[in-house]
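> turn this into a model:
(one chain, ligands or ions: 2)
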Amino acid sequence: MCNFQLIDQAFVTLATNDSYAKGAMVLAKSLRSHSTSRKLVALVGPHVSEPFRNVLSKMYDEVHLVDVLDSGDSAHLALMKRPNLGITLTKLHCWTLTHFSKCVFMDADTLVLSNVDDLFEREELSAAPDPGWPDCFNSGVFVFRPSEETYGKLLQFCSNTGSFDGKLYVSCGDQGLLNSFFSNWATADISKHLPFIYNLSSIAIYSYLPAFKQFGSDAKVVHFLGQMKPWNYSYDPETKSVQGGSAEHELLHPNYLLKWWDIFSTSVIPLLKEQIGDQPFLSESHHGVDRIQEAISHIHMAEPLPKPEISSEERKQKWEQGQADYMGIDSFDNIKKKLDSFLK
Ligand SMILES: O=c1ccn([C@@H]2O[C@H](COP(=O)(O)OP(=O)(O)O[C@H]3O[C@H](CO)[C@@H](O)[C@H](O)[C@H]3O)[C@@H](O)[C@H]2O)c(=O)[nH]1
Ligand SMILES: [Mn+2]
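Residues are numbered from 1 along each chain as shown. Ligands and ions are numbered 1, 2, ... in the order given. Below is the predicted model of the structure:
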């Protein structure tokens, strides 16, 4: 393969805040340690703090600030019509990276377990099936060709779709949007179906354990899909153990969660320390809102904070976005209880 092709192609990710930026850092490190020959590009939103941006700049070949509110293009217009499209529109910006001929988008909550440069042999739009509805692709890993024309069409599609039904408050994830846009993915061309091992989501481990036991060791990319992200847990580097979930996190993420934390603590924390000095990086609870929650929980001493109640409509929406609360209300035990009550 000639050199030109290598610098002409890139892995692209997105982070709109410091938490997802941590994910992007681990992703970059995992791509590099499996010797990718492609460029690494991060799209960041304006809420990513400067120290985090600096670290991203060290790990990525290019870091692009995407401020949809400030873009002055049709993305801005689409946002005016549908305010909940913020992060989705930021993700769509990857199509504007036209100095590359082909790219692979990877969610910031993915982790590479072996070299996946062969993905660049695929065409737009290649992706793996979504575990929840396999006739849809999961938009956590996909191959695409940057193009102003496609970008324009996507924005057009985005601002038109849904506007006729007046439900402007309904949040619109990029996955639904991309599946509607690339609507013949399920049937048109099997070469655009990536094997599931290129986007193994934790939810599949949970729903088809025997298959995971058989094929899990072939996984090339793991995707921490859902509400609990690796950075929401805490880590003890002495014992190399992860805390914060219930026993089910063992089932949900097995060793992948440990792998994520191992990379984060050995390769990312030192870079963050250079920027912001010593901080308790081994747990998210020391940042922002969580810090306040932590302070309150100290006042109540040993009493754990009750989880905020969520309405069944909100819960349904979260399920629809692939964000079931597996550690809490949607735990295996609770689901089993519900099923048992139906079967009685
Ligand atoms: O506040 C946010 C939220 C998301 N992201 C980025 O957007 C991606 C998708 O969000 P994520 O929380 O990873 O969603 P998932 O839990 O993976 O859920 C699903 O639903 C999303 C919305 O449709 C799709 O983007 C995902 O690919 C799909 O797996 C992230 O990885 C980040 O790259 C941010 O930068 N900031
Ligand atoms: Mn994801």
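
> which positions in the stretch 151-300 of the chain make contact with ligand 1?
Counting by CB under 6 Å from any ligand atom, the residues of the stretch 151-300 of the chain close to ligand 1 are 173-175, 225-226. (C-beta placed from N, C-alpha, C; glycine too.)

> let's go with 5 Å and repeat that
Contacts of the stretch 151-300 of the chain with ligand 1, taken as CB under 5 Å from any ligand atom, map to 173-175, 225.

> greatest separation within the residues you listed: which pair is it?
174 and 225 (13.2 Å; CB to CB).

> make CSV out of the residues of the stretch 151-300 of the chain next to ligand 1 and add secondary structure, distance to residue 55 and pLDDT.
CSV is the format used below for those (DSSP: H, G, I helix; E, B strand; the rest coil; distance: CB to CB, whole Å; pLDDT from 0 to 100):
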residue, secondary structure, distance to residue 55, pLDDT
173, coil, 27, 78
174, helix, 25, 86
175, helix, 28, 90
225, coil, 24, 91
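
> of these, which is the most crowded?
The most neighbours of any of these, using other CB atoms under 10 Å, belong to residue 225, which has 25 neighbours.

> that one touches residue 108, doesn't it?
No - checked against CB atoms under 8 Å, the pair residue 225 and residue 108 is beyond contact range at 11.8 Å.

> related to what we said a few turns ago, which one of the residues of the stretch 151-300 of the chain next to ligand 1 is nearest to residue 97?
Among those, and counting by CB to CB, the member closest to residue 97 is residue 174, at 15.9 Å.

> ok, residue 151 - contacts?
Taking CB atoms under 8 Å, 6 or more residues apart in numbering, we find residue 151 in contact with 92-93, 95-96.

> show me which positions of the strand or helix carrying it end up buried.
For residue 151, the host element (DSSP states H and E) is helix 148-160. Across helix 148-160, burial judged by 16 or more other CB atoms under 10 Å covers 150-151, 154-155, 157-159.

> contact residues of the stretch 101-250 of the chain facing ligand 2?
107, 109, 140 (CB under 5 Å from the ion).

> just the ones of these in strands?
Mapping those onto strands (DSSP state E) picks out residue 140.

> intersect the residues of the stretch 101-250 of the chain next to ligand 2 with the contacts of ligand 1.
Near ligand 1, judged by CB under 5 Å from any ligand atom, the entries from these are 107, 109, 140.

> ok, back up a step: save the residues of the stretch 101-250 of the chain next to ligand 2 as JSON lines, and put in distance to residue 13 and neighbour count too.
As requested, those are exported to JSON lines (distance: CB to CB, whole Å; neighbours: other CB atoms under 10 Å):
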{"residue": "107", "distance to residue 13": "7", "neighbour count": "25"}
{"residue": "109", "distance to residue 13": "10", "neighbour count": "26"}
{"residue": "140", "distance to residue 13": "10", "neighbour count": "24"}
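
> which one is the residue in the stretch 201-344 of the chain positioned nearest to ligand 2 nearest to, not counting chain neighbours?
In the stretch 201-344 of the chain, the residue found nearest to ligand 2 is residue 225; the distance is 5.0 Å by CB to the ion. Closest residue to residue 225 apart from its sequence neighbours, by CB to CB, 6 or more residues apart in numbering: residue 201 at 4.1 Å.

> same question for residue 275.
In this structure, residue 275 finds its nearest non-sequential neighbour in residue 51, 3.6 Å apart by CB to CB, 6+ apart.

> so the one you found lies in a helix, does it not?
Yes - looking at residue 51 with DSSP: H, G, I helix; E, B strand; the rest coil, it is inside a helix.

> right, I'll call it a day here.
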